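Enquirer: How does the following fold in three dimensions:
(one chain, ligands or ions: 2)
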Amino acid sequence: MIGILGAGAFGTALAVTLGREQPVMLWGRRGVAGLDVALSEQVRLTADLAEVEAETVLLAVPMQALGGLLGANGGRLDGRALVACCKGVDLATGLGPTALIAAACPAATPAILTGPSFAADIARGLPTALTLACTDDAAGEALQRRLSTAALRLYRTTDTVGAELGGALKNVIAIAAGVVIGAGLGHSARAALMTRGYAEMQRLALALGARPETLAGLSGLGDLVLTCTSDQSRNFRFGQALGAGAGFDAHVTVEGRATATAVVRLAAAHGIDMPITAMVDALAGGRVTLPQAIQSLLSRPLKQE
Ligand SMILES: NC(=O)C1=CN([C@@H]2O[C@H](COP(=O)(O)OP(=O)(O)OC[C@H]3O[C@@H](n4cnc5c(N)ncnc54)[C@H](OP(=O)(O)O)[C@@H]3O)[C@@H](O)[C@H]2O)C=CC1
Ligand SMILES: O=C(CO)COP(=O)(O)O
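Expert: Ligands and ions are numbered 1, 2, ... in the order given. Just a heads-up that it's a prediction; the model follows:
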């Protein structure tokens, strides 16, 4: 049995794919997200978290909700394998998902599942590859076997720092990529933005102890390319709306917005220059206009690549 907390798009998609091969208990505060894919009979739904007794639990709530969920249920969840499926940096603490898990559940085995995957693609059974990161490699190998399916191929690493930051930072760069396209600056400008954004991701991640090969893998470069180039991405679409001066539904999960604010603080604390992240935070926060944001990036001093 696998437990999944969070019956939104991603939690439901994971239930669909995992439920094809093993029993799953899916918990949601209110019902199941509107994915138009039928759940197998191996998937049970519950609104009572006490019914989720599985030893392996996937945490598929948004990043900014994870701390509260763990705070309210840490005692009940402690001691299990807790696999964060969210992407971001916690605004309240500046921590990533596995550090939040370790703080709330000291006897748990924290891990993170992240990488280039739209929920709808996973739910449809399309081939997908993700990174499963766990500092305990033996536990990571067991989770890799447990959570891989015929269509969902997991690659394992012990670099949770790199895997988490790749998934968190790519959402911020995706917002910037959307701004570029929404503002009509063109695909060449987006390619430049993605490349400089990847350099920004590496600067912070390596300073925080990540391994370069992790950032160059599925959780970093892979997810960056996917999210910056597809309008299936909510972060990209949010950026497009910003660039076009259009509105955006505030109820849609856009992880990169809060993460941009959290990362600006993190970068300042470590003396890391992250101009694109700072631009996204200021633009999304209404502290600069679009022309000012674009000018701030284009007028930076020339330097070596
Ligand atoms: N969608 C995708 O394609 C992918 C998403 N992810 C990641 O998965 C994570 C979840 O995103 P996603 O499923 O897409 O988002 P959705 O907006 O589709 O769903 C979020 C779910 O979390 C629940 N939730 C929100 N706040 C709380 C809370 N405080 N306590 C309990 N449950 C809560 C919501 O419940 P309610 O409906 O009751 O508000 C909802 O079921 C994000 O970090 C995202 O980056 C990763 C890969 C792909
Ligand atoms: O993380 C995702 C793809 O890997 C989903 O992207 P969005 O959150 O931008 O929709």
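Enquirer: Run a quick neighbour tally on the closest residue to Ala189 other than its chain neighbours.
Expert: Residue nearest to Ala189 in three dimensions, not counting chain neighbours: Val180, with 5.0 Å by C-beta to C-beta, 6 or more residues apart in numbering. Yep, even glycine has a C-beta here, placed from its N, CA and C like the rest. Close neighbours of Val180, defined as other C-beta atoms under 10 Å, add up to 24.
Enquirer: now the one 5 residues further on
Expert: A count of nearby residues for Leu185, using other C-beta under 10 Å, gives 16.
Enquirer: ok, Ala47 to ligand 1 distance?
Expert: Distance of Ala47 to ligand 1, given as C-beta to the nearest ligand atom, to the nearest Å: 9 Å.
Enquirer: hang on, Leu45 in a strand?
Expert: Yes: counting by DSSP: H, G, I helix; E, B strand; the rest coil, Leu45 is part of a strand.
Enquirer: Which residues are in contact with it?
Expert: Contacts for Leu45 (C-beta atoms under 8 Å, 6 or more residues apart in numbering) come out as 7, 26-28, 32, 39.
Enquirer: just Ala15 next, same as before
Expert: By C-beta under 8 Å, 6+ apart, Ala15 lies in contact with 4, 7, 24, 26, 39, 43.
Enquirer: Just give the closest residue to the last one, not the sequence neighbours.
Expert: Counting by C-beta to C-beta, 6+ apart, Val43 lies nearest to Gly19, which is 3.9 Å off, once chain neighbours are set aside.
Enquirer: ok, back up a step: now narrow the contacts of Leu45 to whatever sits close to ligand 2.
Expert: Among the contacts of Leu45, not one lies near ligand 2 by C-beta under 6 Å from any ligand atom.
Enquirer: Break the chain down into its domains, please.
Expert: According to the TED database, the chain comprises the domains 2-158, 168-299.
Enquirer: any chance of those in JSON lines, with mean pLDDT too?
Expert: Compiled in JSON lines, the domains of the chain are given as follows (pLDDT from 0 to 100):
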{"stretch": "domain 2-158", "mean pLDDT": "95"}
{"stretch": "domain 168-299", "mean pLDDT": "97"}
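Enquirer: so which of the ones you listed comes closest to Glu305?
Expert: Closest of these to Glu305 is domain 168-299, at 8.1 Å (criterion: C-beta to C-beta).
Enquirer: And Cys228, how far from ligand 1?
Expert: Distance from Cys228 to ligand 1, by C-beta to the nearest ligand atom: 14 Å.
Enquirer: Leaving out sequence neighbours, find the closest residue to that residue.
Expert: The shortest distance from Cys228 to any non-neighbouring residue, by C-beta to C-beta, 6+ apart, is to Ala177 (3.8 Å).
Enquirer: try Gly74
Expert: Closest residue to Gly74 apart from its sequence neighbours, by C-beta to C-beta, 6+ apart: Ala104 at 3.8 Å.
Enquirer: For the one you found, which residues are in contact?
Expert: Going by C-beta under 8 Å, 6+ apart, Ala104 touches 67, 70-71, 74, 77-78.
Enquirer: So which residues on the stretch 51-200 of the chain come close to ligand 2?
Expert: Proximity of the stretch 51-200 of the chain to ligand 2 (C-beta under 6 Å from any ligand atom) is limited to residues 87, 116-118, 171, 174.
Enquirer: Try it again at 5 Å.
Expert: Residues of the stretch 51-200 of the chain lying close to ligand 2 (C-beta under 5 Å from any ligand atom) are 116-117.
Enquirer: try the stretch 201-305 of the chain
Expert: Contact residues, the stretch 201-305 of the chain versus ligand 2 (C-beta under 5 Å from any ligand atom): 223, 233-235.
Enquirer: if we go to 6 Å?
Expert: By C-beta under 6 Å from any ligand atom, the part of the stretch 201-305 of the chain that sits against ligand 2 consists of 223, 226-227, 233-235, 255.
Enquirer: Include distance to Gly286 when you put those residues into TSV, please.
Expert: TSV is the format used below for these (distance: C-beta to C-beta, whole Å):
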residue	distance to Gly286
Asp223	27
Leu226	28
Thr227	23
Ser233	22
Arg234	19
Asn235	18
Glu255	19
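Enquirer: returning to that earlier point: for the residue nearest to Ala189, pull up the helix or strand it's in.
Expert: helix 160-182 (DSSP states H and E).
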